[in-house]
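Colleague: quick one, fold the following:
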Amino acid sequence: MRKLLDALQSGRLFELTETSKEEAFDFLGRVLEAIPEIPDNSGVVEAMRVREQSGNTSVSPGLACPHARVEGITADIYCTVGWSKDGIDYDAPDGQKVHLLVAYWIPDCQRVAFLKEMSGLAKAVLSTNGIGAIRECATLGEVRHRLLDWVTVALNEGSPDVRARMLKLSEKSAEHTPPPQS
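Modeller: Numbering: from 1, shown residues only. Predicted coordinates:
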């Protein structure tokens, strides 16, 4: 879940206006491709599509984790998150629309780290009764708070490093939140 936290801290949580899986892949893949540490012409969107053809990346009702694995590159994993209030028809095995897409770029040397990330995500989803709370969110800010709850569950809030990073993100988020209207 550290990569999800990194994505939230870096401002890579977006409301998806796209209505199809292909459009969502295009958007999220382009966001990943824009990360300076990811090599130019890395083909993230195409790699996500190829991976999806081998098996649907819906991991639980309402949640999908499309990803692009790349070989021959020694780098870190990167993540971006898309939220759709209305849901996206993802052709998920359960037939439900997907409301949250957590997209990853994964160098082959990071397979173990990716499995740990996915394990943390699964733990958080199960511990917080699934995607229901995110499905009910009305704003991107609410989604961010729910995702921070997931990160807390997965990373164990007892870790000083995680608490410090989350506090920094909360302060950053508060700076950009307009005051309530009276």
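Colleague: return the helix or strand in the chain with minimum mean pLDDT.
Modeller: Least confident helix or strand, the chain: helix 160-175 with a mean of 54, by mean pLDDT, DSSP states H and E.
Colleague: tell me the centre residue of this protein?
Modeller: Val102 (2.6 Å; CA atoms, centre = their mean).
Colleague: what is the helix or strand hosting that one packed up against?
Modeller: Element membership of Val102 [criterion: DSSP states H and E] is strand 98-107. Helices and strands touching strand 98-107, by 3 or more CB pairs under 8 Å, 6 or more residues apart in numbering; DSSP states H and E, are helix 21-33, strand 63-64, strand 67-70, strand 78-88, helix 111-127, helix 132-135. For glycine as for every other residue, the C-beta is placed from the backbone atoms N, C-alpha and C.
Colleague: ranking those by burial, who's on top?
Modeller: strand 63-64 (a mean of 24; mean count of other CB atoms under 10 Å).
Colleague: go ahead and name everything in contact with it.
Modeller: 56-58, 90, 92, 98-102, 125, 130-131 (CB atoms under 8 Å, 6 or more residues apart in numbering).
Colleague: which of these ranks first by neighbour count?
Modeller: Using other CB atoms under 10 Å as the neighbour test, the contacts of strand 63-64 are led by Val98, with 30 neighbours.
Colleague: is that residue bridged to anything, and to what?
Modeller: Beta-bridge partners recorded for Val98 (DSSP bridges): Ile88.
Colleague: gap between it and Glu71?
Modeller: In this view, Val98 and Glu71 are 27 Å apart by CB to CB, to the nearest Å.
Colleague: and what of Glu15?
Modeller: Counting by CB to CB, the gap from Glu15 to Glu71 is 33 Å.
Colleague: compare the two (neighbour count), which wins?
Modeller: A direct count of neighbours by other CB under 10 Å for Glu15 and Glu71 places Glu15 higher, at 12 against 7.
Colleague: pretty sure that one contacts Asp86?
Modeller: No - look at Glu15 against Asp86 with CB atoms under 8 Å: they stay out of range, at 10.5 Å.
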